[in-house]
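> attaching a predicted model along with its sequence, questions to come.
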Amino acid sequence: MTTTKIVRAILPREYLFKEILEHSIPNTSKRLNIRAIVQNGANLHINALIHIHPQAKNADSFLDIRVLILDEKSRADVRPQLEIETNSVKASHAATVSPIDPDQLFYLQSRGLNYAQAQKLIVAGFLSHA
Amino acid sequence: MSRFAPVSSPTLTPSADYPLGHSDSVDYEFKSGAGLTEHTVRQISAFKHEPSWMLNLRLSALAQFNHMPTPEWGGDLSPIDFAKIHYYLKPSQQSVGDWDKVDSRIKNTFDRIGVPQAEREILAGVKAQFDSEVIYSSLKSFLSKKGVIFLGMDEGLKQYPDLIRRYFGKLVPAGDNKLAALNTAVWSGGSFVYIPKNTRVDLPLQAYFRINSPNAGQFERTLIIAEEGSSVHYVEGCSAPAYSEGSLHAAVVEIFVKPGATVQYTTVQNWYKNVYNLVTKRARVEEEGHMRWVDGNLGSRLTMKYPSCFLMGRKATGETLSLALAGSGQHQDTGAKMYHLASETSSQILAKSVSFGGGRTSYRGLIQINPAAAGSRSKVVCDALILDSSSRSDTYPTNRILNSQSTVEHEATVSRVGEDQLFYLMTRGLSEQQSETLIVNGFLSPIIKQIPLEYAVEMNRLVDLEMEGSVG
């Protein structure tokens, strides 16, 4: 089963986002996407753990975290973690933290959008793309 | 007890089939009493005729050690009894430059762990550490002509006290952590390497470390200074004979990479499975410098080691390749740290681990990109193989991004040896054991390829050996 969570950290304060995927019985599968934007001096902490217990045979788990940093004042602290206590599993995670690709901004601005419009369009695409 | 602590950690008894599990009797000229007191520290310092600033440094480190609590994160350190450890041993053998003069019993030990005799002809210099003192050293004359210094740390302190004073403890101060404080208080042995400006050392500099007495702590201190535009590759290999009582290895490595310099530091560690291997390794990389750690952890009961790079200058790069193998009763808690402190810096971490027979591997890492480090990039890849259902693998990365113009990517996967892969190899006539070993060696090969050939051969042999009987 796939779940997507969207995190908007857009106020100048600390945000803590915690997520634990516990696999405690056999033959479970899960895909969790986390999409986050940080803006306006927000400080976002993401703590996400996949925990596969010894009895959870044939678990299949994937955690995908993408964070977009939109301005100079904002920051992100991402901790994707794995605790795997058996071998017949597939478990992986991926995490990226990046600014908006300047090439994408340039392209949209060359089509006549201003900076704010271009950024809005890219963010909307980023959040809906999971 | 935290839930990260191992479920049980039985003390292993030396096994007859472990080829490195032997202990030769050697006479010690000087052996400090067990336990750590101000008297011990003064004794060590006096014995080595050190300058007074070093004694003062040791004493203040001792005070810090006594005040600091034992770390509670990571592996379980509670079985270590600091009062039972001998902090300094000096074999009766004096430092010699000629292999023929080395004591035959000591030679015998080296032969059995397979330090290749031919190494002398091929390699630039060989430092072999037998317990706490360098007993064998040879340095080819062209290295000295280039102005390269490659000495034991004790010798280095005698010959270049001012140079060492300028750098010693500047990157890993005594107050950094409890084990660094311990090392600063009682260090002996290790290497001192100085590469002058624009000098390239093409052959790897090698040191071979050994522990050879029950409860003999090894507290090496290594300092490498690579001046502007220079390059060097330093290799350390470790191996210890078998003991039933826990032994402690707490080393500190400090590396200064000046602008445009390149340093590679390769470790092949195969401590016996009762050794606590707790090492602090750190490099300071200046503008357009390049630092690369290659770290192979095969032995020991518990390893806690996170080689770090402080990227201080524009366009500095740091790289860590880490390999860990954990069998029965072992916990490898390894990883890397990258601090991006200047603009356009980049770093890369590749960590691969294999756990089997109830072993546990953990990746623990940190990427920090500071506000000043605009335009930095970092990429982390952790791959883990778990070979049976009683083993365990963890990943604990932290990515801290404090500016908006940097990119960090992290990915980790945990998997087992695929049944279809095994089946394919077995249809080609290999046994299950051979197939699994082949797959594991293939999994590790991107890192093993970065290690000098003779160590890579040894590493492959050790992997085969460790894997024996592990198919489950």
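That came through, no problem.
> the strand or helix carrying B:Glu436 and chain A in contact?
According to DSSP states H and E, B:Glu436 maps onto helix B:432-448. No. Using CB under 8 Å from any CB of the partner chain, helix B:432-448 never reaches chain A; the gap is at least 12.1 Å. In short, each C-beta sits where N, CA and C put it, glycine included.
> what angle do the helix or strand that that helix is followed by and helix B:432-448 make?
As assigned by DSSP H and E, the chain's next helix or strand after helix B:432-448 is helix B:453-467. For helix B:453-467 against helix B:432-448, the angle by axes from the mean of the first three to the mean of the last three CA atoms, to 10 degrees is 140 degrees.
> show residues contacting helix B:453-467.
B:19, B:114, B:116, B:119, B:235, B:237, B:266, B:268, B:270, B:296, B:298, B:325, B:327, B:356, B:433, B:436-437, B:440-441, B:444, B:448-449, B:451 (CB atoms under 8 Å, 6 or more residues apart in numbering or on different chains).
> repeat that with 7 Å
For helix B:453-467, the external contacting residues (CB atoms under 7 Å, 6 or more residues apart in numbering or on different chains) are B:114, B:116, B:119, B:235, B:237, B:268, B:270, B:296, B:298, B:325, B:327, B:436-437, B:440-441, B:444, B:448, B:451.
> need the buried ones from these selected in ChimeraX.
Here is the ChimeraX selection string for the buried members of the contacts of helix B:453-467, based on 16 or more other CB atoms under 10 Å in any protein chain shown:
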select /B:235,237,268,270,296,298,325,327,436,437,440,444,448,451
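> got the contact list for the most centrally placed residue in chain B?
In chain B, the centroid-proximal residue (CA atoms, centre = their mean) is B:Thr267; its distance is 5.1 Å. By CB under 7 Å, 6+ apart, the contact set of B:Thr267 is B:236, B:295-296.
> rerun at 8 Å
By CB under 8 Å, 6+ apart, the contact set of B:Thr267 is B:235-238, B:293-297.
> just these now: which is nearest B:Leu223?
B:Glu236 (13.1 Å; CB to CB).
> how many neighbours does the closest one have?
B:Glu236 has 23 neighbours, counted by other CB atoms under 10 Å in any protein chain shown.
> between helix B:453-467 and the helix or strand containing it, find me the angle.
B:Glu236 belongs to strand B:231-239 when assigned by DSSP H and E. If you take the same axes, to 10 degrees, strand B:231-239 sits at 30 degrees to helix B:453-467.
> quick one: mean pLDDT for whatever helix or strand B:Lys337 lives in?
According to DSSP H and E, B:Lys337 maps onto strand B:331-340. When pLDDT is averaged along strand B:331-340, the result is 96.
> please look at B:His290 and B:Pro259 and confirm they touch.
No. At 10.8 Å, B:His290 does not count as touching B:Pro259 under the criterion of CB atoms under 8 Å.
> sorry, back to before: may I have the phi/psi pair for the residue nearest to the centre of chain B?
The phi/psi pair for B:Thr267 (degrees, to the nearest 10) reads phi -120, psi 130.
> what bridges to it?
B:Glu236, B:Asp295 (DSSP bridges).
> which element is B:Ser393 on?
Using DSSP H and E, B:Ser393 falls in strand B:392-401.
> residues in contact with that strand?
Residues contacting strand B:392-401 (CB under 8 Å, 6+ apart): A:67, A:69, A:75-85, A:93, A:95, A:97, B:4, B:335, B:353, B:355, B:359-369, B:378, B:380, B:382, B:384, B:386, B:408, B:410, B:412, B:414.
> filter those down to the ones in helices?
Taking DSSP state H, every one of the contacts of strand B:392-401 sits outside helices.
> helix, strand or coil: sort out the residue nearest the centre of chain A for me.
Most central in chain A under CA atoms, centre = their mean is A:Ile65, positioned 2.5 Å from the mean C-alpha point. Here A:Ile65 takes the strand state, with states given by DSSP: H, G, I helix; E, B strand; the rest coil.
> quick one: contacts for it?
So A:Ile65 contacts A:34, A:36, A:46, A:48, A:78, A:80, A:93-96 (CB under 8 Å, 6+ apart).
> same check, this time on B:Leu325
B:297-298, B:332, B:353-355, B:359, B:361, B:462-463, B:466.
> any regions of the stretch 151-300 of chain B where pLDDT drops low?
Applying pLDDT under 70 to the stretch 151-300 of chain B picks out residues B:208-217, B:238-246.
> and the helices in it?
Remark: helices assigned in the stretch 151-300 of chain B by DSSP state H, counting those that start in this stretch are B:153-159, B:161-167, B:178-186.
> mind exporting the C-alpha coordinates of the longest one to CSV?
Okay, so that is helix B:178-186. Taking Å, rounded to 0.1, in the frame of the first residue of the first chain, the C-alpha atoms of helix B:178-186 are listed here in CSV:
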residue,chain,number,x,y,z
LYS,B,178,36.2,10.0,26.3
LEU,B,179,38.2,7.7,24.1
ALA,B,180,40.1,10.6,22.5
ALA,B,181,40.9,11.8,26.0
LEU,B,182,42.2,8.3,26.9
ASN,B,183,44.3,8.1,23.8
THR,B,184,45.8,11.6,24.4
ALA,B,185,46.7,10.6,28.0
VAL,B,186,48.4,7.3,27.2
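> can you report how many residues neighbour the nearest residue to B:Glu286 once chain neighbours are set aside?
Closest residue in space to B:Glu286, ignoring its immediate chain neighbours: B:Gly313 at 3.9 Å, by CB to CB, 6 or more residues apart in numbering or on different chains. Neighbour count for B:Gly313, taken as other CB under 10 Å: 21.
> what residues does the stretch 301-450 of chain B have near chain A?
Within the stretch 301-450 of chain B, the positions near chain A by CB under 8 Å from any CB are B:384, B:386-416.
> domain assignment for chain A?
Under the assignment automatic domain parsing, the domains of chain A span A:2-99, A:101-130.
> deepest of the ones you listed, which one?
domain A:2-99 (a mean of 19; mean count of other CB atoms under 10 Å in any protein chain shown).
> state the mean pLDDT of it.
93.
> contacting residues for B:Thr184?
The contact partners of B:Thr184, by CB under 8 Å, 6+ apart, come to B:57-58, B:61, B:169, B:174, B:221, B:252.
> just give me the closest of those to B:Phe47.
Proximity to B:Phe47 was ranked across the contacts of B:Thr184 by CB to CB; first place goes to B:Arg58, at 12.1 Å.
> name the helices or strands packed onto the longest helix belonging to chain A?
If you go by DSSP H, chain A has its longest helix at helix A:115-128. Using 3 or more CB pairs under 8 Å, 6 or more residues apart in numbering or on different chains; DSSP states H and E, the elements in contact with helix A:115-128 are strand A:29-38, strand A:60-69, helix A:102-110.
> which helices and strands does the helix or strand just after the first one pack with?
Towards the C-terminus, the helix or strand next in line after strand A:29-38, according to DSSP H and E, is strand A:43-52. Taking 3+ CB pairs under 8 Å, 6+ apart as contact, the helices and strands that strand A:43-52 lies on are strand A:2-9, strand A:14-23, strand A:29-38, strand A:60-69, strand A:75-84, strand A:90-99.
> now these as CSV including distance to B:Gly35?
Below are the helices and strands packed on strand A:43-52 laid out as CSV (distance: least, CB to CB, whole Å):
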stretch, distance to B:Gly35
strand A:2-9, 53
strand A:14-23, 44
strand A:29-38, 51
strand A:60-69, 48
strand A:75-84, 38
strand A:90-99, 45
